[in-house]
Each structure stands twice: as C-alpha cells, then as structure tokens.
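Visitor: using only what follows, build the 3D model:
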Amino acid sequence: MSRRVGLRTIRSVGGKIGVLPIYAGLSTSPGKIVKINTLNFSQIATLTFDEDENNAYALVIENDFLYAGLGMSPGKIVKVALEKVIVIIEEEEYEYEEFTKVGTLTFDYDDVRALAVSESFLYAALFTPPGIIYKVNLTDFSIDSYLTLNPGEDRLNSLAVGNSFLYAGTDTMPALVVKVDLSDFTRVSSLNLGVGPGAKALVVNGGFLYAGIGSSPGSIVKVDLSDFSIAATLTFDNGENDVCALWINGNFLYAGLNTSPGKVVKISLSDFSKVGTLTFDSGEDYVRALAVKNSFLYAGLYTTPGSVAKVNLTNFSKVKTLTFDTGEDYVRALAL
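Guide: Sure, this is the predicted structure:
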C-alpha cells in the first residue's frame, strides 16, 4: 500500500478577530500551558498534559506548533497544535483541534531546560552533568542525534542561536558558554564568563551575545561573537539579584530578576548601561520569563497561582497583572 505523510493547517482568514495570543508554560505536575489574549489581557484556555508529563520549563513556537520542554526524568518534548491541523498518515486522516497536544518525544536523559530552533531543527538543552543537547527533526518530530559536552560543562540552563552557531549556558561556578557549530553539530569551544553561578539566560543581538548571571547582585556579560571573547560585564545594584530571563526589543535589553518582589531591569544597548529598574507589587515575585509583543513586555511570575505582569514599554510602568486559576502555578516560560 502506498504511504502518504503530510499535514494541512487550517486558519480563518486574517486570524481570529480580537485575539493576539501569548502562551505561558507552568512548572506543575502534570505540566500545563495557559493561553492568554494580550489584547484584553485575559486567560483564554488551559491545556493540561498527561499525568507523566511534568514541568513545562521551556517553550518555543515554530510553524503553527508550540513545543514544550519538560523538566523531568526522562526529559520530554510535547508538541502542541496552535491552529486546526489535519495530519495524513498511511492514507488515514487525523484531525487536531487548535491548542491540542499532537505528540510527545521522550529522550534517554533527564530534564529539558531550554529550547531553540534553527532551520528545520529544534535543539533541547538538558540539565545533566555534563550537559547534553538533543537535535530534533521538526519535519517528522523525531530525534536526529545528540551531543554530549565536555566534563565540567554541566547542567545547561539556556540556549541561543546566532550566525549558524548554537550557544549553551551552563549552571556552573563560574558560568560557561559553550559554542556549537550547527553545520555539523559539533562542539567548537567554551568561554569562561568569570562570574556565576550559572548563565541562566542567553540572547543574541547585533554580533553580541548577552548572558544573564544568577549572581547577587545580578549581572550580564556581553560577549563579542566575532572572536568569542568577553566585551564587558554589567553588574546591577544591591538587591537586584539573579537574572533568570532576557529579552531584546529595539535598542534596549530587559532582564527579569528572580527576586521578591520581582523586578525588571532596563539596559541601553548603545552603551551597555542600566537605564532603570521596575519593581512589581508585593506578592508579584520571581520573574522567570519575559516576552515582548506590540510595545508591551510580559513578565512570567513564579507564584502560586501563576501570574503574568504586563508592562508598558513607552513609560516602563506596569499596566496590570493577570493571575491564573487555582492549581495553575509557577510560570516558567513564555512564547509568542
């Protein structure tokens, strides 16, 4: 019998009116993803995974699908259809409604902490000693291969892609950034950032990589990618501790701090200097994720129940905080 494999994605023309979604991954058992409408800043729906699919630590969106990396043993990735999808396998047609789970990929090793996409591959960083990076073929959602890093390059926290290279941040003291060549999926070298503990967040922009460090006070290391060397280190004020999230928008870098209450630090990229700090209200603690959409920054808070704060970037002030339902705790990742 002939074999056909394919998919069709069905969308309403122009998308759904009045809906502009963002997704929050929750560190719960089982794991959950909350869908939020950013236009009226309300909770639309919650997707709960199966009983053995815990802790949505990392999220990434690619081609109408959302991928959730699970921090558990063994590590897993859950694939979620964001639109209505029809998949054709062996002449059989399977229909998935929007915001439903399509499949789960299970690894041999534990604890997915970060995800990144380049070309048609998804890369998953594992919190193992030494660190392991899985390469996943998105065409058929299968494991292509995995790369084990050198001893001491342990417990991967973060990933970023730039100029055909993948960069992985370790949870070590001092923190390291490991450079991987995506053309042949091989380790190139590692850079000692000189501070720690842990490179908890990475972002690439304009020929530089920025690494958020889990120190007290928090700091960000700027790395020149042309020669993979440290260009500068910015240290925050006392009480501005533990950088867990980074996001770049326009000429500014935003750093989310794992403090109580939570804080976001705004940094000018032009001279790598601190512009200001936004402190949230009491109980709005522990910024673990950031994302920007339409001139607003969204900060995922590691609270019970989980919550997301909306920030107006024009005047760098909080607009509102959305608190989820009971049992929807601990925002660990955001995707849009």
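
Visitor: who's in contact with the closest residue in space to residue 203 that isn't next to it in sequence?
Guide: Closest residue to residue 203 apart from its sequence neighbours, by Cβ to Cβ, 6 or more residues apart in numbering: residue 246 at 4.5 Å. Yep, even glycine has a C-beta here, placed from its N, CA and C like the rest. Contact partners of residue 246, counting by Cβ atoms under 8 Å, 6 or more residues apart in numbering, are 201-203, 210, 212, 220, 253-256, 290.

Visitor: partner residues bridging residue 246?
Guide: Beta-bridge partners for residue 246, by DSSP bridges, are residue 255.

Visitor: that older thread, as TSV, the contacts of residue 246 with secondary structure and pLDDT would be great.
Guide: Below are the contacts of residue 246 laid out as TSV (DSSP: H, G, I helix; E, B strand; the rest coil; pLDDT from 0 to 100):
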residue	secondary structure	pLDDT
201	strand	98
202	strand	98
203	strand	98
210	strand	98
212	strand	98
220	strand	98
253	strand	98
254	strand	98
255	strand	98
256	strand	98
290	strand	98
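
Visitor: between those, which is nearest residue 52?
Guide: Proximity of those to residue 52 (Cβ to Cβ) peaks at residue 201, which lies at 28.3 Å.

Visitor: what's around the closest residue to the closest one other than its chain neighbours, how many residues?
Guide: Counting by Cβ to Cβ, 6+ apart, residue 201 lies nearest to residue 212, which is 3.7 Å off, once chain neighbours are set aside. Residues lying near residue 212 (other Cβ atoms under 10 Å) number 30.

Visitor: quick one: residue 212 and residue 307, what's the gap?
Guide: 21 Å (Cβ to Cβ, to the nearest Å).

Visitor: pretty sure the residue nearest to residue 201 contacts residue 243?
Guide: Yes. In this structure residue 212 lies within contact range of residue 243 using Cβ atoms under 8 Å: 3.2 Å.

Visitor: now list whatever residues contact both of these two.
Guide: Both residue 212 and residue 243 are in contact with 200-201, 218, 220, 255, where contact means Cβ under 8 Å, 6+ apart.

Visitor: out of the residues you listed, the closest to residue 119 would be?
Guide: residue 201 (23.0 Å).

Visitor: residues touching that closest one, list them.
Guide: Contacts of residue 201 (Cβ under 8 Å, 6+ apart): 157-158, 169, 211-212, 243-246, 255-256.

Visitor: of the residues you listed, keep whichever come out buried.
Guide: 157-158, 169, 211-212, 243-246, 255-256 (16 or more other Cβ atoms under 10 Å).

Visitor: Serialize those residues to TSV and add fields for distance to residue 75.
Guide: Below are these laid out as TSV (distance: Cβ to Cβ, whole Å):
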residue	distance to residue 75
157	14
158	16
169	17
211	23
212	23
243	24
244	20
245	21
246	23
255	27
256	24
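
Visitor: closest to residue 72 out of the residues you listed?
Guide: Nearest to residue 72, judged by Cβ to Cβ, of the buried ones among the contacts of residue 201 is residue 157 at 16.2 Å.

Visitor: which helices and strands does the helix or strand hosting that closest one pack with?
Guide: According to DSSP states H and E, residue 157 maps onto strand 156-162. Counting contacts by 3 or more Cβ pairs under 8 Å, 6 or more residues apart in numbering; DSSP states H and E, strand 156-162 packs against strand 112-118, strand 121-126, strand 132-137, strand 165-170, strand 199-205, strand 208-213.

Visitor: what angle separates the next helix or strand after the fourth one from strand 132-137?
Guide: Think strand 165-170. Next along the chain after strand 165-170, taking DSSP H and E as the criterion, comes strand 176-181. Counting by axes from the mean of the first three to the mean of the last three Cα atoms, to 10 degrees, strand 176-181 points 30 degrees away from the direction of strand 132-137.

Visitor: and the helix or strand following strand 176-181, how far out from the chain's middle?
Guide: Sequence order places strand 186-192 as the next helix or strand after strand 176-181, per DSSP H and E. Relative to the centre of its chain, strand 186-192 is centred 22 Å away, using Cα atoms, centre = their mean, to the nearest Å.

Visitor: packing partners for strand 186-192?
Guide: Checking 3+ Cβ pairs under 8 Å, 6+ apart, strand 186-192 ends up next to strand 176-181.

Visitor: mind listing the strands the strand it packs on pairs with, and their directions?
Guide: Counting by DSSP bridges, strand 176-181 is paired with strand 165-170 (antiparallel), strand 186-192 (antiparallel).

Visitor: Serialize these to JSON lines and add fields for mean pLDDT and distance to residue 120.
Guide: What follows is these, written out as JSON lines (pLDDT from 0 to 100; distance: least, Cβ to Cβ, whole Å):
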{"stretch": "strand 165-170", "mean pLDDT": "98", "distance to residue 120": "14"}
{"stretch": "strand 186-192", "mean pLDDT": "98", "distance to residue 120": "19"}
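
Visitor: now, of those strands, which is deepest in the fold?
Guide: Highest mean neighbour count of these: strand 165-170, a mean of 26 (counted as mean count of other Cβ atoms under 10 Å).
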